[in-house]
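Colleague: Have a look; sequence and predicted model below, questions after that.
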Amino acid sequence: MIIEALIGFTFLAALVVMLAPDEYAGKLAFALSLLPVVGSLYMWAGFDAGGNALMAGSIAYQTQIDWLLLSGYQLQWFVGVDGVSLPLVVLSTVLSSLAIVSAWTPIDTRQSQFYGLMLFMEANLLGVFTALDFFLWFVFWEAVLVPMYFLIGVWGGPRRKYAAIKFFVYTNIASLVMFIGFMALVFNLPVSSFGLPEITQALQAGELSGFVGLDPATLKLVAFAAMFAGFAVKVPVVPVHTWLPDAHVQAPTPVSVMLAGVLLKMGTYALLRFNFTMLPDVATRPLVATVVAAVAVISVIYGAMLALAQQDLKRIVAYSSVSSMGYVILGLIAYTGLGIGGATFQMVAHGLISGLMFMAVGVIYNVTHTRMVGDMSGMADRMPITTGILIAGAFGYMGLPLMAGFAAEYFIFQGAFASTVIPSAPLFTAASMFGIVIVAGYLLFAMQRTLFGEFRLDSDYEVHRAAFHDVAPLAVLLLCTIALGVAPGIFFEMITDAIEPVVAVVGGGA
Amino acid sequence: MDPVLLQADQLPQWTALAPALALALTGLLLFLIDSVDPDSSNPALLAAVATVGSLASLGLAGWFLSAGTGQPSTDGAIALFGDALVVDGMTLFFQALFASVTALVVVASYDYLHDRAYQAEFYSLVLFAATGMALMAAANSLAVAFIALELASLPSYALVAFLKRDSGSVEAGLKYFLIGALSSAVFVFGISLVYAATGSLLLPDVYAALSGGIEGLDGVAGVGIVMIAGGFAFKTASVPFHFWAPEAYEGAPAPVSGFLSSASKAAGFALAFRVFVTGFPVDVGIDWVLLFQVLAVATMTLGNFAAATQEEVKRMLAYSSIGHAGYALIGLAAFTGGAGGNVLGASMAHLLVYGFMNTGAFLFVALAEHWGVGRTFEDYAGLASKAPLASVAMTVFMFSLAGLPPFGGFFSKYFLFAGAVEAGFWWLAAVGAVNSALSLFYYSRVVKALWLDDATGEFELGGTPTALYAAVVFAAVATVLLLPGFPPVIETAQSAAAAVLP
């Protein structure tokens, strides 16, 4: 019952904060958000699942209650976690709490609504990562959009309305495409529920029948394409990434943190669960694998090139997310233990590091009121601690050993190199590794120009040191990043355990 | 006379009509109260009586539904007055729907009618119209269908023109009346042709006669069925008899617009479902399933595209209401004889959810009219900063109408489209889904105006009209709770629909 308790408590907390007076809302929201953190850590401590939840593995903290009957299909309240979802649950709760703290300084209007929406979003994110019934999952999946729309649209930058609507329309149409793709599968399977495990097992047992002239193999390909298109927008990959820089740049710092840290992972998590676990026979077709790998490599390189061209620190971090999520896709399509495991690990690592980077840029912006690289230099003199953490985060992004990003990217490259699924895998892997060079380029370039050299600031604000509560979340994130880098086993073993069955289906190696 | 089965109680059969009778008696009681002392009206008393009456009707309908009155679990449908009226699960389901919308509308009208004359008449007209709707749901004979339709329509004409000093309201009333009169004529002529071909007005007899073969009269019956379909298209604001709706909804007092666009529309569907499913075999005279496929596609596409181009919120809601008539028509368009119970039930469930979310949206417009905010999207800009709770409610209505998951509208639309796919009409579901995706564009304009846009002028909201506010918030709560609470609704609707199938 702990999952229900977490989701229910977070919804309740959202309501309480929404009704609280503005002065206390931020502190109250933080205090209330600590309980989900404790709850998720408790879940982690007592985690005892084995195998993949979708492939007859044992599921931890499972609840399965019949909800309603839809013309022969049983909808259920069906939640539980396995090694793939638990790390993301922990990431969601931790990052939500830290994002709430990082909002104390920049958010100065309608606070109770802001923090209420943040908690409301957290509750739905927990639902997305724990739901194992398609309908339940889809309700949470779509419900995440609503608070995000308001968080960007009300508290964002000058072009917030445009960004909010673009985000909403893009991702909602994507959901519809994905929904239709998934339904095309379910309606042609002899299953009687929307439980993801049951559907996965029926698909892999080859029970799919054709539909209006499409044979099962073609139908699977169509469904794979529809679901991939739907999730690709959320991830996002090139060329459907254009909503992301707008949303990121206009969103206030804490919302960017949640967007990059957790929301993008919804897309890759869903890709892993739906496309790559349910339809491995489609994904491993040489043509499909080539296309997906090409999309991944293009996202890595093109995203990094775009980041290189930016002048706005926040845009740099935003575009670099496109690049990092490209690695995740590459790891997934590799279909090796290290590839998919590394991709899942990268979801968590990127959540921590991109959160750290956005927060650090936010702290600098709070103080200087500018984010343009050309408008400042020598910030290291005035904000030594923030600068130090920002540089450490940047190193994490570049993949400095002993930080989470290194471990994740190493696993992905190793896994992708050995892939038997991607035709000429070493070529794709080598091409994507150029991304690292460009990442190092633009991050060092930006750091050099803003942080070092003689102090200069083209704005009228008095530069002072950041407040304790601004820097503390950065420090926590940095510690987590290092901890995961030094001891990837914290999550990696449970991840490997959960993805082994997926890899075994296609006969991929470690 | 056989007794009605109400769990352990034994009541005479006519008491099965209690939900309709409660509405009629309340209407008469309101007249009585007004007649005692016509000059001094007591708005609170009138509103209270109307509310209690409609809630009593809702309670009775809900009680009968749960007790299984007229349903297969007891003795099956109860036929009354020489089979002219029938009480079964579908009747009670729609009566519960009408009563809940009526209750919302009369509660909200208390503030809206503040300081206006003829309040008693307003409430009793609403209740008589609701009585007509309740009878439409129970009609088992084409004659009763016509009379019930007129009983629901005539008070509606007067309600639309209620603001008699407002030329928009009067024009709307006139337009509604003229088109209503025309479509009534078409409808009754259709009935006469069907009677000519079959020799009966009772729906089961019509069905038997048509399926038994009517030599040489197939064409007559076919023309009659098409004309009857025209009558329903008027009542449900479907293409091609839809063009009265935007003017009437725009000109009418906003609570009346809510009443017409949800309860009155649902009543049209209640009658259409019963008449076509139990009265006309699919393959005699005319393939009416094909007719409704054309109507459904045309109605939802036209309604949604027209709604997307509107500048005024109320007109946008009016056109979106036409679009929703198109979705509900899927219930008949995907009807394939014995297997149609699921999709028909899904249509009924959608109409119930729609009753809350659409009435709520119009009541929010009523609230805005009460405050004198203005009519266009721009006028609504920044309203959320002054009226956050009502704006949350409106946001819920808009997203639910668009069919987003956290709200009741998601499931009702999903079941509708899934039902269509299941019946083999996947292209109908696809058209519906595309339309539904388009609708998000114009629904989110309202949300954007309320929350994201900055106010163009200063609002001076003249106080909080308690009853109107309460009705809006209640409708929003119901819209949200209909998501987790959907199982009993869809199960009741589908079993009621399945029981109606011949």
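Modeller: That came through, no problem.
Colleague: which stretches of the chain form strands?
Modeller: This is for chain A. Using DSSP state E, the strands assigned to chain A run over residues A:60-70, A:73-81, A:376-377, A:456-457.
Colleague: You answered for a different chain; I wanted chain B.
Modeller: B:4-6, B:9-11, B:78-80, B:85-87.
Colleague: Give me the buried positions along the third one.
Modeller: This means strand B:78-80. B:78, B:79, B:80 (16 or more other C-beta atoms under 10 Å in any protein chain shown). Bear in mind the C-beta positions are built from the backbone N, C-alpha and C, glycine included.
Colleague: packing partners for it?
Modeller: Taking 3 or more C-beta pairs under 8 Å, 6 or more residues apart in numbering or on different chains; DSSP states H and E as contact, the helices and strands that strand B:78-80 lies on are strand B:85-87.
Colleague: For the strand it packs on, name the packing helices and strands.
Modeller: Using 3+ C-beta pairs under 8 Å, 6+ apart, strand B:85-87 is in contact with strand B:78-80, helix B:119-138.
Colleague: one more time with 10 Å, if that's ok
Modeller: helix B:18-36, strand B:78-80, helix B:119-138, helix B:142-160 (3 or more C-beta pairs under 10 Å, 6 or more residues apart in numbering or on different chains; DSSP states H and E).
Colleague: quick one: contacts for the residue of the stretch 401-502 of chain B found nearest chain A?
Modeller: Of all residues in the stretch 401-502 of chain B, the one sitting closest to chain A is residue B:487 (3.4 Å; C-beta to the nearest C-beta). Shown in contact with residue B:487 (C-beta atoms under 10 Å, 6 or more residues apart in numbering or on different chains): A:66, A:67, A:68, A:69, A:70, A:75, B:411.
Colleague: and residue B:437, how many neighbours does it have?
Modeller: Neighbour count for residue B:437, taken as other C-beta atoms under 10 Å in any protein chain shown: 18.
Colleague: what's near enough to touch it?
Modeller: Contacts of residue B:437 by C-beta under 10 Å, 6+ apart are A:169, A:172, A:173, A:175, A:176, A:177, B:304, B:402, B:403.
Colleague: redo that, cut-off 6 Å
Modeller: Residue B:437 sits next to residue A:176 when contact means C-beta atoms under 6 Å, 6 or more residues apart in numbering or on different chains.
Colleague: Which pLDDT value does the model give it?
Modeller: Predicted confidence (pLDDT) at residue B:437: the value is 83.
Colleague: which among the buried residues of strand B:78-80 gets closest to chain A?
Modeller: Using C-beta to the nearest C-beta, the buried residues of strand B:78-80 come closest to chain A at residue B:78, 27.2 Å.
Colleague: surely the closest one meets residue B:68?
Modeller: No - the pair residue B:78 / residue B:68 is not scored as a contact, 11.3 Å apart, by C-beta atoms under 6 Å.
Colleague: Comparing the helices and strands packed on strand B:85-87, which comes out most buried?
Modeller: Most buried of those, by mean neighbour count (mean count of other C-beta atoms under 10 Å in any protein chain shown): helix B:119-138, with a mean of 27.
Colleague: who touches that one?
Modeller: Contacts of helix B:119-138 (C-beta under 6 Å, 6+ apart): B:20, B:23-24, B:26-27, B:30-31, B:34, B:41, B:43, B:46, B:50, B:85, B:87, B:91, B:94-95, B:98, B:102, B:113, B:148, B:151-152, B:155-156, B:158-159, B:263, B:267, B:270-271.
Colleague: what angle do it and helix B:142-160 make?
Modeller: 150 degrees (axes from the mean of the first three to the mean of the last three C-alpha atoms, to 10 degrees).
Colleague: Skipping its backbone neighbours, what lies nearest residue A:241 in space?
Modeller: Of all residues not flanking residue A:241 in the chain, residue A:322 sits nearest, at 5.0 Å (C-beta to C-beta, 6 or more residues apart in numbering or on different chains).
Colleague: Would you mind measuring from that neighbour to residue A:86?
Modeller: 26 Å (C-beta to C-beta, to the nearest Å).
Colleague: And residue B:17, by the same measure?
Modeller: Residue B:17 is 58 Å from residue A:86, by C-beta to C-beta.
Colleague: Next, format the helices and strands packed on strand B:85-87 as TSV and append mean pLDDT.
Modeller: Shown next, in TSV, are these (pLDDT from 0 to 100):
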stretch	mean pLDDT
helix B:18-36	89
strand B:78-80	83
helix B:119-138	91
helix B:142-160	91
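Colleague: and these as a markdown table, adding distance to residue B:458?
Modeller: Listed next are the helices and strands packed on strand B:85-87 as a markdown table, based on distance: least, C-beta to C-beta, whole Å:
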| stretch | distance to residue B:458 |
| --- | --- |
| helix B:18-36 | 40 |
| strand B:78-80 | 59 |
| helix B:119-138 | 32 |
| helix B:142-160 | 33 |
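Colleague: To residue A:283, which of these lies closest?
Modeller: Proximity to residue A:283 (C-beta to C-beta) singles out helix B:119-138 among the helices and strands packed on strand B:85-87, at 52.0 Å.
Colleague: Could you check how far the closest one is from the centre of its chain?
Modeller: 13 Å (C-alpha atoms, centre = their mean, to the nearest Å).
Colleague: Output it as CSV - backbone C-alpha positions only.
Modeller: What follows is helix B:119-138, C-alpha atoms only, in CSV (Å, rounded to 0.1, in the frame of the first residue of the first chain):
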residue,chain,number,x,y,z
GLN,B,119,-39.4,34.5,-11.7
ALA,B,120,-42.1,32.0,-10.8
GLU,B,121,-42.9,31.6,-14.5
PHE,B,122,-39.3,31.0,-15.2
TYR,B,123,-38.9,28.2,-12.8
SER,B,124,-42.1,26.6,-13.7
LEU,B,125,-41.2,26.7,-17.4
VAL,B,126,-37.9,25.0,-16.7
LEU,B,127,-39.7,22.3,-14.7
PHE,B,128,-42.4,21.8,-17.4
ALA,B,129,-39.7,21.5,-20.0
ALA,B,130,-38.0,19.0,-17.8
THR,B,131,-41.3,17.1,-17.5
GLY,B,132,-41.5,16.9,-21.3
MET,B,133,-37.9,15.6,-21.4
ALA,B,134,-38.7,12.9,-18.8
LEU,B,135,-41.7,11.8,-20.9
MET,B,136,-39.5,11.8,-24.0
ALA,B,137,-37.3,9.3,-22.3
ALA,B,138,-40.4,7.1,-21.5
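Colleague: Whichever residue of the stretch 251-400 of chain B sits closest to chain A: neighbouring residues, count only.
Modeller: Across the stretch 251-400 of chain B, no residue is closer to chain A than residue B:342, which sits at 4.6 Å (C-beta to the nearest C-beta). Residues lying near residue B:342 (other C-beta under 10 Å) number 25.
Colleague: I'd say it and residue B:419 touch.
Modeller: Yes - between residue B:342 and residue B:419 there is a contact at 4.8 Å, judged by C-beta under 6 Å.
Colleague: Kindly state the pLDDT recorded for the closest residue to residue A:344 other than its chain neighbours?
Modeller: Nearest non-adjacent residue to residue A:344, counting by C-beta to C-beta, 6+ apart: residue A:495, 4.8 Å away. Confidence at residue A:495, expressed as pLDDT, is 91.
Colleague: ok, which residues in chain B are in contact with chain A?
Modeller: Counting by C-beta under 6 Å from any C-beta of the partner chain, chain B comes close to chain A at B:342, B:404, B:405, B:406, B:422, B:437, B:451, B:452, B:487.
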